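Undergrad: how does the following fold in three dimensions:
(chains A and B)
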Amino acid sequence: MPSALINVPAKARRGDIIEIKTLMSHIMETGYRHTASGEVVPRDIITSFTCRYNGREIFRADLYPAIAANPFITFFTTATESGKFEFEWIGDKGFSETASASITVE
Amino acid sequence: MQQSRRQLLHLAGSAAVLGAVPTVLVHPVYATPAMLATAIRNVAGEAEIRTGKVKFDIPPLVENGNTVPMTVSVANPMKADDYVKSIHVFNEKNPQPNIGNFYLGPHAGRAQISTRIRLADSQKVVAIARLSDDTFWSATVDVVVTLAACTEEVL
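TA: Next comes the predicted model:
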């Protein structure tokens, strides 16, 4: 069952630089591992992560098999207005998950 | 002699999978330094890549290559006309040279990203930043890995 952990400050002053931490539970199977019988375990990773702030894209990442399981990504943004951060993870085998967090900017 | 060497390797391999003895496994596939260079050229094109500005925080000695925390920060302001466009992280010896591409903008305020990566062997990792004027800056770190990631058998 996929689930996301998001850490965004609930409040900030206008112009503050805030840190956003995200974690999505996912196996991130590399596609380079073999079972004991020698079969390749098919790749199953998250390939793309996007963050939008009130609809505008503020951060995007392309992920490769070298990203560890349960991708944890942190980045910064400037708090400009109250509103919503929307997060989206897209991956192999039709994986698609979203999460959101609200912020109040004073 | 041959056989005992094989047995020893097998034993070492099994022990590593169980995590009992930290050791480097024998891997069938690796990226090569040439693949690393190609992957970097795919991002930077023919542009000159200079050393500096980029700070790459990653432990120099890693016990478990399955999850290695890393932070890349770029000493550059984030202003509307002078900012960091993207940060790219590469490795030398995983099966694939790319680790991740991170796209920022002037609104980020601070050019810094963190994540956790996998390393299949002791190797060189490279972080490259692309600035808004399309110059490229890099930092390289050598990491020693005792328990490798990626290609171990699934039990």
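Undergrad: contact partners for the residue lying closest to A:Ala79 once chain neighbours are set aside?
TA: Spatial nearest neighbour of A:Ala79, chain neighbours left out: A:Ala12 (3.8 Å); criterion: CB to CB, 6 or more residues apart in numbering or on different chains. No exception for glycine: its C-beta is placed from N, CA and C like everyone else's. Shown in contact with A:Ala12 (CB atoms under 8 Å, 6 or more residues apart in numbering or on different chains): A:18, A:79, A:103-106.
Undergrad: what's the answer for A:Gly31, then?
TA: Neighbouring residues of A:Gly31 by CB under 8 Å, 6+ apart: A:40-45, A:65.
Undergrad: secondary structure element holding it?
TA: Using DSSP states H and E, A:Gly31 sits within no helix or strand.
Undergrad: partners of the longest strand belonging to chain B, with directions?
TA: Assignment by DSSP state E gives strand B:136-147 as the longest strand of chain B. Using DSSP bridges, the strands paired with strand B:136-147 are strand B:49-51 (parallel), strand B:61-64 (parallel), strand B:123-131 (antiparallel).
Undergrad: buried set for the longest one?
TA: Using 16 or more other CB atoms under 10 Å in any protein chain shown as the test for burial, strand B:123-131 gives B:123, B:125-131.
Undergrad: pull it out as CSV, backbone CA atoms only.
TA: C-alpha atoms of strand B:123-131 as CSV (Å, rounded to 0.1, in the frame of the first residue of the first chain):
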residue,chain,number,x,y,z
GLN,B,123,33.5,4.5,-6.6
LYS,B,124,33.5,8.1,-7.7
VAL,B,125,30.3,10.1,-7.6
VAL,B,126,29.8,13.3,-9.4
ALA,B,127,27.4,16.2,-8.9
ILE,B,128,26.9,18.8,-11.6
ALA,B,129,25.0,22.0,-11.4
ARG,B,130,23.6,23.9,-14.4
LEU,B,131,23.2,27.6,-13.8
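Undergrad: chain center to that strand, what's the gap?
TA: Offset of strand B:123-131 from its chain centre (CA atoms, centre = their mean, to the nearest Å): 8 Å.
Undergrad: name all residues that make contact with the closest residue to chain B within chain A.
TA: The nearest approach of chain A to chain B comes at A:Ile17, 3.5 Å away (CB to the nearest CB). Going by CB under 8 Å, 6+ apart, A:Ile17 touches A:76-79, B:109-110.
Undergrad: what does chain B have sitting close to chain A?
TA: B:29, B:66-68, B:91, B:94-96, B:98-105, B:107-119, B:149-155 (CB under 8 Å from any CB of the partner chain).
Undergrad: quick check, stretch A:90-99 touching chain B?
TA: No. Applying CB under 8 Å from any CB, one finds stretch A:90-99 out of contact with chain B, separated by at least 13.6 Å.
Undergrad: give me the contacts around that stretch.
TA: Under CB under 8 Å, 6+ apart, the answer for stretch A:90-99 is A:2, A:4, A:6, A:22, A:24, A:26, A:43-50, A:86-89.
Undergrad: in CSV, list the C-alpha atoms belonging to that stretch.
TA: Output in CSV follows, covering the C-alpha atoms of stretch A:90-99 (Å, rounded to 0.1, in the frame of the first residue of the first chain):
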residue,chain,number,x,y,z
ILE,A,90,4.9,8.5,-11.3
GLY,A,91,6.6,5.2,-11.9
ASP,A,92,6.8,1.8,-13.6
LYS,A,93,3.8,-0.5,-13.8
GLY,A,94,1.4,2.4,-13.8
PHE,A,95,2.4,3.7,-10.4
SER,A,96,0.9,7.1,-9.7
GLU,A,97,0.4,8.7,-6.3
THR,A,98,-0.3,12.2,-5.1
ALA,A,99,-0.2,14.0,-1.8
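Undergrad: kind regards, and thank you for your time.
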